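Trainee: Based on what follows, work out the 3D shape:
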Amino acid sequence: MRHLEDHGDYPRQLGLSVWGTDTMRTGGDDIAQAFALMGIKPVWAEGSHRVIDFEILSNQLLGRPRVDVTLRVSGFFRDAFPNVMKLYDAAIQALANYDEAPEINSIRAHIEQQTESLIADGMSAEEANRQASYRVFGSKPGAYGAGLQGLIDERCWETRDDLAEAYLNWGGYAYGNTAGDGVEARDAFANRLGQLEAVVQNQDNREHDLLDSDDYYQFQGGMTNAVTSLSGQAPAVYHNDHSDPERPKVRTLKEELNRVIRSRLLNPKWIEGMREHGYKGAFEMAASVDYLFAYDATTNLIADYQYEAVSDALVFDEENRAFLEEHNPAALEEMAERLLEAAQRGLWKDPGEYQERLQNLLLDADEKAENHF
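Mentor: Predicted structure coming up:
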């Protein structure tokens, strides 16, 4: 409904990141959401909560077009829920064979279009149909993550296309009924990502947020960046708050980032609380700045005024700087380096005097380190 309000229509193609721990806690919220968007009703075993099959809801009951949902599953989800991936793939195949008008059943329409394109390129009809109908993707069997952390941590990228390439290469393995334990399907993954209109990430608890874990920017940011790189257009990006199942909230990613920055990173009470933990508290401050930078690298959603506010609160505030210099000077340098990198890469578009101040801070830190030895 939020996409309908924002854009005047339902999305026809949507990408959803699905994690194993969340699935265990919620009993399958993410998959239930994907099924609902596609017009699929789960069938439970009698007397239990175990889903054993599915039914296709008629368009008359659904009352809207079906949404073509592509999943990017985590490594843990892949390991823990192979049966769910097979059930999801079976639902996709059933919808591909469900005779409805293209404007109603976009899953069938998209699979038919891509199948015809692959056949025209010389692929067999059977293989073309299988490639065109992949909708569950993940990392290579035995691998985990989304492939971005190392590049961003070590500054081993030049453009956002480099990050998109890493996300594609890392997640380009298909899973499902006839996909075995993960077949290489990078081209199919790229085709799906290049057509997505919306990217969604759900969060089922408030024990953490977007800026205290690298998983969010890797999965949500990684998918968003890949879609933008492949299609040339930024998708609508939503972060859904399911912490209260009775009152779920749908926010744009920008709204959620603004909320987290304002309520935590710039919150004097949070900063004061981190100081009570000495070295570890300083480490958490630096980690949050890293994740802020990474989200901007992948989504371009952090504004200049937010970089300025974070710099003022964590790096240039005299009390906090003194705390960092005493308990964890490396964390102070890491924050300054990351903020300076944002300016040098053009993410922080107009840093003004902040760029020189950050450079001077790092020079001062180097001098102190030399004098110490």
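Trainee: in the stretch 51-200 of the chain, what spans have low per-residue confidence?
Mentor: The stretch 51-200 of the chain contains residues with pLDDT under 70 at 178-180.
Trainee: Tell me where it has helices.
Mentor: Secondary structure of the stretch 51-200 of the chain by DSSP state H, counting those that start in this stretch: the helices cover 59-62, 75-80, 82-96, 106-120, 125-132, 149-153, 160-171, 186-193.
Trainee: Using CSV, lay out those together with mean neighbour count and distance to residue 143.
Mentor: C-beta: built from backbone N, CA, C; applies to glycine. Shown next, in CSV, are those (neighbours: other Cβ atoms under 10 Å; distance: least, Cβ to Cβ, whole Å):
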stretch, mean neighbour count, distance to residue 143
helix 59-62, 12, 37
helix 75-80, 19, 6
helix 82-96, 20, 16
helix 106-120, 18, 26
helix 125-132, 17, 21
helix 149-153, 16, 12
helix 160-171, 21, 7
helix 186-193, 21, 14
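Trainee: how about the ones you listed, which one is nearest residue 333?
Mentor: Comparison of the helices of the stretch 51-200 of the chain against residue 333 by Cβ to Cβ identifies helix 149-153 as nearest, at 14.9 Å.
Trainee: want to throw the helices of the stretch 51-200 of the chain into CSV with distance to residue 50?
Mentor: As requested, the helices of the stretch 51-200 of the chain are exported to CSV (distance: least, Cβ to Cβ, whole Å):
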stretch, distance to residue 50
helix 59-62, 24
helix 75-80, 15
helix 82-96, 10
helix 106-120, 25
helix 125-132, 28
helix 149-153, 35
helix 160-171, 28
helix 186-193, 29
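Trainee: Ok, which of the ones you listed comes nearest residue 272?
Mentor: helix 149-153 (28.0 Å).
Trainee: Nearest to residue 48, out of the helices of the stretch 51-200 of the chain?
Mentor: Comparing the helices of the stretch 51-200 of the chain against residue 48 with Cβ to Cβ, the closest turns out to be helix 82-96 (14.2 Å).
Trainee: For the closest one, what is the distance to the chain centroid?
Mentor: 22 Å (Cα atoms, centre = their mean, to the nearest Å).
Trainee: neighbouring contacts of that helix?
Mentor: Surrounding helix 82-96, the residues in contact under the criterion Cβ atoms under 8 Å, 6 or more residues apart in numbering are 23, 28, 31, 34-35, 38-40, 51, 53-54, 56, 66, 71, 73, 77-78, 105, 107-108, 111-112, 129, 133, 135-136, 175-179.
Trainee: And the buried ones among the residues you listed, selectable in PyMOL?
Mentor: Only the buried entries of these go into this PyMOL selection, using 16 or more other Cβ atoms under 10 Å:
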select buried, resi 23+28+31+34+35+38+39+40+51+54+56+66+71+73+77+78+105+107+108+111+112+129+133+135+136+175+176+179
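Trainee: Looking at the contacts of helix 82-96, which are in strands?
Mentor: Using DSSP state E, the members of the contacts of helix 82-96 that fall in strands are 40, 51, 53-54, 56, 71, 73, 136.
Trainee: of all the residues you listed, which two lie farthest apart?
Mentor: 56 and 73 (22.5 Å).
Trainee: Can you name the next helix or strand after the biggest helix by length in the chain?
Mentor: In the chain, ranked by residue count with DSSP state H as the criterion, the top helix is helix 278-299. Sequence order places helix 304-310 as the next helix or strand after helix 278-299, per DSSP states H and E.
Trainee: List the buried residues for that next one?
Mentor: 304, 306-308, 310.
Trainee: What's the mean pLDDT across it?
Mentor: Confidence for helix 304-310, expressed as mean pLDDT, is 99.
Trainee: same thing with stretch 349-359?
Mentor: Averaging the model's pLDDT scores along stretch 349-359 yields 97.
Trainee: Tabulate the CA atom coordinates of it in CSV.
Mentor: Only the C-alpha atoms of stretch 349-359 are listed here, as CSV (Å, rounded to 0.1, in the frame of the first residue of the first chain):
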residue,chain,number,x,y,z
LYS,A,349,29.1,16.6,-1.7
ASP,A,350,30.0,19.9,-0.2
PRO,A,351,32.1,19.3,3.0
GLY,A,352,33.5,22.9,3.1
GLU,A,353,35.7,23.5,6.0
TYR,A,354,35.0,20.0,7.5
GLN,A,355,37.4,18.4,5.0
GLU,A,356,40.3,20.5,6.2
ARG,A,357,39.4,20.0,9.8
LEU,A,358,39.3,16.3,9.4
GLN,A,359,42.7,16.3,7.6
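Trainee: which outside residues touch that stretch?
Mentor: When contacts are taken as Cβ under 8 Å, 6+ apart, the neighbours of stretch 349-359 outside the stretch itself are 304, 307-308, 311, 315-316, 336, 339-340, 342-344, 348.
Trainee: tell me which of those is nearest to residue 229?
Mentor: Using Cβ to Cβ, residue 342 is the member of these that sits closest to residue 229, with 19.5 Å.
Trainee: Settle this for me: that closest one is touching residue 304, isn't it.
Mentor: No. Checked against Cβ atoms under 8 Å, the pair residue 342 and residue 304 is beyond contact range at 9.6 Å.
Trainee: Need the residues touching each of those two.
Mentor: Here residue 342 and residue 304 share the contacting residues 348, 351, scored by Cβ under 8 Å, 6+ apart.
Trainee: CA atoms only: put stretch 63-74 into CSV for me.
Mentor: Backbone C-alpha positions of stretch 63-74 (Å, rounded to 0.1, in the frame of the first residue of the first chain) are rendered in CSV as follows:
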residue,chain,number,x,y,z
GLY,A,63,-8.3,-7.7,-6.1
ARG,A,64,-5.0,-6.4,-7.6
PRO,A,65,-2.2,-7.5,-9.9
ARG,A,66,0.3,-10.1,-8.7
VAL,A,67,3.7,-8.9,-7.7
ASP,A,68,6.8,-10.7,-9.1
VAL,A,69,9.0,-11.2,-6.0
THR,A,70,12.7,-12.1,-6.2
LEU,A,71,14.4,-13.4,-3.1
ARG,A,72,18.0,-12.9,-2.1
VAL,A,73,18.4,-15.3,0.8
SER,A,74,21.2,-15.4,3.4
